[in-house]
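Asks: Show me how the following folds:
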Amino acid sequence: MKYSRHGTSEQLELYVLGRLDPGDSDKLEEHLLVCETCQKQADQMRHFALGMREALLEEPVYQEKPATDWFGWLRQPSFAFATGFTLVFLIVLGVVYTRSGSRDLLPAAAIQLTAMRGEKTGAPRAKQLDITLLDAPSGRDPYKVELVDATGHNMWTGSGQTSEKGTRVSIPVASADPGDYFLRLYGQDGTLIHEYGLRIGK
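Replies: Just a heads-up that it's a prediction; the model follows:
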């Protein structure tokens, strides 16, 4: 590198930073011994370079934090298994609830019936109907009682116990859908004594 009478800014900068070739550096040093102008310029460059170095050392190094995966736990196998199990359980529970129609939660209902042609006594939907047949004949032996639907299909068969107020019958109707039914009272010899119309509401 050829030098002018004074060192160029580029030459002085390379010298201050220690990047000037050794041969060129020796020549520039000889010039600096006698040139006050280049000395001042080199000192200014040296101060600037040192200041920049110190500033870089003091500046904190920021490390980029990894992005937080807030929903990573949703992809865990244990969560997927638990979710699947819960969904299956809820589906089974819904099917059971739908089929039962929540009838198990219904209370028992007490009603009184009198045989009347063409009339149907209304009854609330309940898990059990406690019925008193007011006009049943008195007797010591229990009577056969049968509950049939509107088509005559047998829904329940049991017996009624006589009392002072009439024949008492307890019928579990939790599985009976709302609609028209008939309660049939039979004598000891199997003859039909009375038929009672019954309408189970929703």
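Asks: distance of residue 44 from residue 24?
Replies: 20 Å (CB to CB, to the nearest Å). Quick note: C-beta positions are derived from backbone N, CA and C, even for glycine.
Asks: Neighbour count for the two, which is higher?
Replies: residue 24 (16 against 12; other CB atoms under 10 Å).
Asks: What are the buried residues along the host helix or strand of the more buried one?
Replies: Assigning secondary structure by DSSP states H and E places residue 24 in helix 22-34. By neighbour count on 16 or more other CB atoms under 10 Å, the buried set for helix 22-34 is 24-25, 27-28, 31-32.
Asks: who's the closest residue to residue 171 other than its chain neighbours bridged to?
Replies: The shortest distance from residue 171 to any non-neighbouring residue, by CB to CB, 6 or more residues apart in numbering, is to residue 129 (4.7 Å). Beta-bridge partners for residue 129, by DSSP bridges, are residue 109, residue 171.
Asks: List the contacts of residue 193.
Replies: The contact partners of residue 193, taken as CB atoms under 8 Å, 6 or more residues apart in numbering, are 136-137, 143, 185-187.
Asks: how far is the helix holding residue 24 from where the chain is centred?
Replies: 81 Å (CA atoms, centre = their mean, to the nearest Å).
Asks: Right, I'll call it a day here.
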